[in-house]
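Peer 1: sharing a model that was predicted from the sequence below.
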Amino acid sequence: MQRPNVSNDGIINPVYGLTFSAPVMAAGPAPPANMFNTVPGYEGTLAGGGKKHASGYLPPPMPSAPMPAPEQAPRSPDWHIPRISEDSAREAFATYVSSKCCYSSAPVREGVITNMEPFNTYRYRLETFTESRSTEWSQEPFKGQVLDAGAQPAPGPWQIAAQAPAFFQDHKQTVKVPYTSSIKNCHMCQGVGRKPCTTCAGAGTKPCRMCNGSGHRESNDRCMHCNGCGHEKCSSCSGNGTCQCDTCQGKGKLLVFINLNVKWSTEKDEFVAQDTSGLAAKRLGTVTGKELFKDAQFMVYPVAGFPDVSVAQASERLVGDHRVKYAQTSRILQQRQTIELIPITKVNYMWKGKPYLYYVYGNEFKVYTADYPATCCCSII
Ligand SMILES: [Zn+2]
Ligand SMILES: [Zn+2]
Ligand SMILES: [Zn+2]
């Protein structure tokens, strides 16, 4: 007899009681709704998953030991704000212009930088790595698998061991819940293993395709294909009139059991501090910044003492949100928070007596400009 994988962390969910009642074995054909036993601890489990319910996921049990308190917020590092040089700005601008096939490089070569303003901003990111569990009734053709339903009480969904991946690596695993497997007659074929052929409606023959069932050709000759009878053998069922049942693969019996679906996922939220440069914040989504702060632990503590108050407030809010959102329906395994400094430089320049501007932003020195004065090289002589 297969032994269940019960985790040894001593967590017993009070919801999953240990009272046990023998499952009712259905003797005859049964519709799918009645096909499943009642398994203590799995009463709400639906066939094909609980997707119809808003919360298909099972709440994790209360931990037997108090949760470790988050570590104290680390001391604020020396927040250093870099600036870019005029040469770097010009070089980034030249690269940008050369990537646009029609842009003339004249404004880059001849333009005179008049002012460079730094508008650095911050991006706060919180990631929460969770494990969630849900169950569903499943079935597969019966091929002699172990029937263990009722041999012992089934372990609770959170008592079953699962192999967690490394932190922040999304993954899924399906585990057959021990002591839930039983045998049933296939509901699709009433246990026969075969179903009427859909092509010939069970007749085993169909009208001859050469003479359309008449038995003779246009010339009134007898049809050679069907020998004049007007019918030919159904190729779908080889003339049997029945086909193997797909559901039970012809076995007539199904193994019915509960599957536990374990899902590990990383939930991510970001906050970008408002700056006054005039560059749309959505452009910053495509660049990286300089990592000023990184903190990963079981539960992070909101960032405190950061110079930009809005970042500290966002951290406080998102850390609280994640706890409320993810601790109800899943287990939080790890959290990670980072603060990036995203450099933004607004470069003002003059070309042919008129002022223009462009932005250089991100570690990548990405450039954005809305008023490039020579967007078509053909018109510039
Ligand atoms: Zn024929
Ligand atoms: Zn057929
Ligand atoms: Zn069947």
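Peer 2: Good, I have the coordinates. Numbers count the residues shown, from 1 in each chain. Ligands and ions are numbered 1, 2, ... in the order given.

Peer 1: where does this protein dip in pLDDT?
Peer 2: 1-34, 48-56, 62-82, 377-381 (pLDDT under 70).

Peer 1: the spatially most central residue of it and residue 175, how far apart?
Peer 2: Centroid-nearest residue in the chain, with Cα atoms, centre = their mean: residue 265, separated by 7.3 Å. As judged by Cβ to Cβ, to the nearest Å, residue 265 and residue 175 stand 17 Å apart. Using the backbone N, CA and C atoms, a C-beta is placed for each residue, glycine as well.

Peer 1: next: residue 86.
Peer 2: On the measure of Cβ to Cβ, residue 86 and residue 175 end up 61 Å apart.

Peer 1: and for residue 40?
Peer 2: Using Cβ to Cβ, residue 40 is found at 18 Å from residue 175.

Peer 1: which one of the two is surrounded by more residues?
Peer 2: Taking other Cβ atoms under 10 Å, residue 40 and residue 175 do not tie; residue 175 has more neighbours (18 against 14).

Peer 1: the residue of the stretch 251-381 of the chain found nearest ligand 1: neighbouring residues, count only.
Peer 2: Relative to ligand 1, the nearest point of the stretch 251-381 of the chain is residue 252 (36.5 Å; Cβ to the ion). Residue 252 has 17 neighbours, counted by other Cβ under 10 Å.

Peer 1: residues contacting it?
Peer 2: 185, 186, 189, 191, 192, 193, 245 (Cβ atoms under 8 Å, 6 or more residues apart in numbering).

Peer 1: which of those come close to ligand 3?
Peer 2: Contacts with ligand 3 within those, as defined by Cβ under 5 Å from the ion: 186, 189, 245.

Peer 1: possible to save those residues as JSON lines with distance to residue 227, secondary structure and neighbour count?
Peer 2: Output for these, formatted as JSON lines (distance: Cβ to Cβ, whole Å; DSSP: H, G, I helix; E, B strand; the rest coil; neighbours: other Cβ atoms under 10 Å):
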{"residue": "186", "distance to residue 227": "38", "secondary structure": "coil", "neighbour count": "25"}
{"residue": "189", "distance to residue 227": "34", "secondary structure": "coil", "neighbour count": "22"}
{"residue": "245", "distance to residue 227": "33", "secondary structure": "coil", "neighbour count": "20"}
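
Peer 1: between the residues you listed, which is nearest residue 273?
Peer 2: residue 186 (61.1 Å; Cβ to Cβ).

Peer 1: in contact with the closest one, which residues?
Peer 2: Applying Cβ under 8 Å, 6+ apart to residue 186 gives the contacts 192, 193, 245, 247, 248, 251, 252, 253, 254.

Peer 1: in space, what's closest to it - neighbours in sequence excluded?
Peer 2: residue 248 (3.8 Å; Cβ to Cβ, 6 or more residues apart in numbering).

Peer 1: list the contacts for that neighbour?
Peer 2: 141, 142, 186, 188, 189, 193, 254 are the contacts of residue 248 under Cβ under 8 Å, 6+ apart.

Peer 1: and residue 349, by the same measure?
Peer 2: Residue 349 makes contact with 107, 111, 112, 113, 114, 355, 356, 357, 358 under the criterion Cβ under 8 Å, 6+ apart.

Peer 1: if we use 6 Å, what do you get?
Peer 2: By Cβ atoms under 6 Å, 6 or more residues apart in numbering, the contact list for residue 349 reads 111, 112, 113, 356.

Peer 1: mind putting the residues you listed into TSV with neighbour count and distance to ligand 3?
Peer 2: Listed next are the contacts of residue 349 as TSV, based on neighbours: other Cβ atoms under 10 Å; distance: Cβ to the ion, whole Å:
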residue	neighbour count	distance to ligand 3
111	20	77
112	8	82
113	13	78
356	18	74
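
Peer 1: could you pick out which of these are near ligand 1?
Peer 2: Within the contacts of residue 349, nothing lies near ligand 1 by Cβ under 5 Å from the ion.
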